[in-house]
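K.L.:
my questions are about this predicted structure, shown below with the sequence.
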Amino acid sequence: MDITRRALFLGGFVALAGGALAAGAVLRPRQLAPARVYSERGLAIRGTDPVAYFTEGRPRAGDPSITHLWTGATWAFVTAENRDRFAAEPTAYAPQYGGFCAWAVAAKGQLFSTQPENWAIVDGKLYLNFNDDVQATWDADRAGFISLGDMRWPEIVAET
């Protein structure tokens, strides 16, 4: 009888833990690890502070004296506070697809450069695009392009 109760208790605990993990997965959006990062001369996203998109709602050029090295690229920040936020949780602030053009990753399965002014935050994630025209195309079906980009990104990274 004790074994049966113990088995029921453990089974219930495992079910609750599994449910909690599943709920956690729903509450925390999946962040795709940027195995590759778009950079020019080693500087990620053209020296734009990735945290500023979230805190100020706009791109801001980072200070070249306030940087952090992550994924083989140097990231620049407006303030030391932004740098520290990024350093503590880089995947929360770094652009998806390593800062490469979100539309090109989704639509072409290729890596294109981006402009800091062509951006959007969707479901707490930063996406960058090549230019105004590409941004407008991507904006017309963000969910579709994100879904396709999320599927293609691991394949693109594996090939490069």
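P.N.:
Thanks, I have it. Just so you know, these numbers come straight off a predicted model, no measurement behind them.

K.L.:
what element comes up after the helix or strand of the chain with the lowest mean pLDDT heading to the C-terminus?
P.N.:
Between all helices and strands in the chain, the lowest mean by mean pLDDT, DSSP states H and E belongs to helix 2-27, at a mean of 38. Once the chain leaves helix 2-27, the next helix or strand it forms, by DSSP states H and E, is strand 39-40.

K.L.:
center of the chain, which residue is that?
P.N.:
Closest to where the C-alpha atoms of the chain average out (Cα atoms, centre = their mean) is Q96, at 3.5 Å.

K.L.:
any idea how far that residue is from S65?
P.N.:
27 Å (Cβ to Cβ, to the nearest Å). Quick note: C-beta positions are derived from backbone N, CA and C, even for glycine.

K.L.:
could you pull out the strands for this structure?
P.N.:
39-40, 43-44, 63-70, 73-77, 115-122, 125-129 (DSSP state E).

K.L.:
could those strands go into TSV alongside mean pLDDT, mean neighbour count and distance to C101?
P.N.:
Shown next, in TSV, are the strands of the chain (pLDDT from 0 to 100; neighbours: other Cβ atoms under 10 Å; distance: least, Cβ to Cβ, whole Å):
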stretch	mean pLDDT	mean neighbour count	distance to C101
strand 39-40	92	15	14
strand 43-44	96	22	14
strand 63-70	97	14	20
strand 73-77	97	24	16
strand 115-122	98	17	8
strand 125-129	98	25	5
